[in-house]
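Participant: Sequence and predicted structure are below.
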Amino acid sequence: MAIVLQILLVVWVFRLLTNVFRLCATKFYFYLFKNNYKHLNRCSRPVGVLFSKANTQQYVVCTERRYSVKEMYQDYISNCLTDRHSSNKISKIFNNTIGVYSYRIRQNFYPVFWLTAPVNALNSVNVHPNTILSVLINILFWLINFSAGYFLEKFLDNNLPTNLLSTFDKLI
């Protein structure tokens with residue numbers, strides 16, 4: 001049981017740090033976007049990765065004037081960061097991405113999220129079981145977890161003292 005709790009603690013810390021880093025990075029690029037940073041096109045790849053990790057909108061309608069004709073086309077958000085005509089839409093998408101990462105950070109502190117850890121792990125890899133199957137997966141996970149912890153504790157209580165004493169006798 002203690003091993004599973006330690007693993008969950010490591011996952012909790014890793015998930016928290018990852019989402020805090022992504023939130024800070026998104027806020028930094030949003031700050032650059034709002035202040036019309038002149039080399040914003042250099043940041044297009046990391047911005048695209050942040051949007052894709054948050055599963056927010058990937059495309060935006062961009063406008064471009066060619067030969068005195070206004071042309072509209074759909075492109076990746078990261079390619080349209082310097083387009084003045086789509087700046088309001090990109091600003092909304094930045095705010096949505098910041099909201100997603102803030103929600104994921106808060107989700108780390110919700111106990112119900114961690115009680116349903118196996119189903120949440122499946123959902124993170126785009127496997128969405130139905131309600132009955134997800135309840136069965138959670139119950140099975142926690143039954144195996146508690147029984148493995150119980151039997152491991154019994155095994156260590158029965159075998160560790162005798163093996164430990166014989167090991168100390170060999171060392172001396």
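Facilitator: Sure thing, it's come through.

Participant: Can you list the low-confidence ranges for the chain?
Facilitator: Scanning the chain for pLDDT under 70 picks out 1-2, 4, 156, 160-169, 171-172.

Participant: wait, residue 91 sits on residue 33?
Facilitator: Yes. In this structure residue 91 lies within contact range of residue 33 using C-beta atoms under 8 Å: 7.3 Å. Backbone N, C-alpha and C define where each C-beta goes, glycine included.

Participant: Name the residue in the two with the higher neighbour count.
Facilitator: Comparing residue 91 with residue 33 by neighbour count (other C-beta atoms under 10 Å), the higher total belongs to residue 33, at 18 against 13.

Participant: The more buried one sits in which helix or strand?
Facilitator: If you go by DSSP states H and E, residue 33 is part of helix 2-34.

Participant: Check which helices and strands that helix is in contact with.
Facilitator: On a contact count with 3 or more C-beta pairs under 8 Å, 6 or more residues apart in numbering; DSSP states H and E, helix 2-34 meets helix 44-54, helix 87-107, helix 131-171.

Participant: Neighbours of residue 89, how many?
Facilitator: The burial count assigned to residue 89 is 16, neighbours taken as other C-beta under 10 Å.
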